[in-house]
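J.: For reference, the sequence and a predicted model appear below.
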Amino acid sequence: MQFPASPALHAGVSVGYPYSGVAPDIGAFGYVVANAGKDQTVHIKGATASVTVGGASTGGLSFQWTDISGSELTSEILRPTTNSTTIVNITQGTYTFQLAAMSGLAVSYDTVIVHVLPN
């Protein structure tokens, strides 16, 4: 079976280092790219605030959100195993949430910072 020529084949950019050999085949799921979305600023409505975070992650078969820092770690991640989620019960302060996207042995991390300001 013969495959048609690809314009991407052998179209790499030289970075000046000599290399001779064959690049390893990383397979169909050889990479993932986590996208936690853009940093956000929200205002408290009532006693707490909520925010939706996430973006279009590439290649990930499973996801995990983690609250890695904040003024008070009282927040609740409603759907911690999806690429987009809503976080509730966040009080005034600055929080950092991390998204891990995983596929086999490949893992990618991205963080989003959420600033919660008074109303």
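T.: Okay, I see it. Residues are numbered from 1 along each chain as shown.

J.: Any chance you could give me the helix or strand bottoming out on mean pLDDT in the chain in CSV, C-alpha atoms only?
T.: When each helix and strand of the chain is scored by mean pLDDT, DSSP states H and E, strand 49-54 comes last, with a mean of 84. This file holds the C-alpha atoms of strand 49-54, laid out as CSV (Å, rounded to 0.1, in the frame of the first residue of the first chain):
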residue,chain,number,x,y,z
ALA,A,49,-18.6,33.5,44.3
SER,A,50,-18.5,30.9,41.6
VAL,A,51,-16.6,30.7,38.3
THR,A,52,-16.4,28.4,35.3
VAL,A,53,-12.9,27.5,34.1
GLY,A,54,-11.5,25.3,31.4
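
J.: Could you list the paired strands of that strand along with their orientation?
T.: Applying DSSP bridges, strand 49-54 is found paired with strand 84-90 (antiparallel).

J.: Give me the contact list for the strand it pairs with.
T.: 37, 42, 48-55, 65, 67, 70, 74-79, 95, 97, 114, 116 (C-beta atoms under 8 Å, 6 or more residues apart in numbering). Any C-beta I mention is one placed from the backbone N, CA and C, and that applies to glycine too.

J.: just to revisit the earlier point, return the set of buried residues in the helix or strand following the least confident helix or strand of the chain.
T.: Following strand 49-54 in sequence order, the next helix or strand is strand 62-69 (DSSP states H and E). Using 16 or more other C-beta atoms under 10 Å as the test for burial, strand 62-69 gives 63-65, 67.

J.: Output the below-cut-off pLDDT ranges for this structure.
T.: Along the chain, segments meeting pLDDT under 70 span 1-30, 59-60, 71-73.

J.: Now for S75, how many residues are close by?
T.: Residues within reach of S75, counting by other C-beta atoms under 10 Å, total 21.

J.: Residues in contact with stretch 55-75: which ones?
T.: Contacts of stretch 55-75 (C-beta under 8 Å, 6+ apart): 29, 31-38, 53, 77, 79-85, 87-104, 106, 108, 111.
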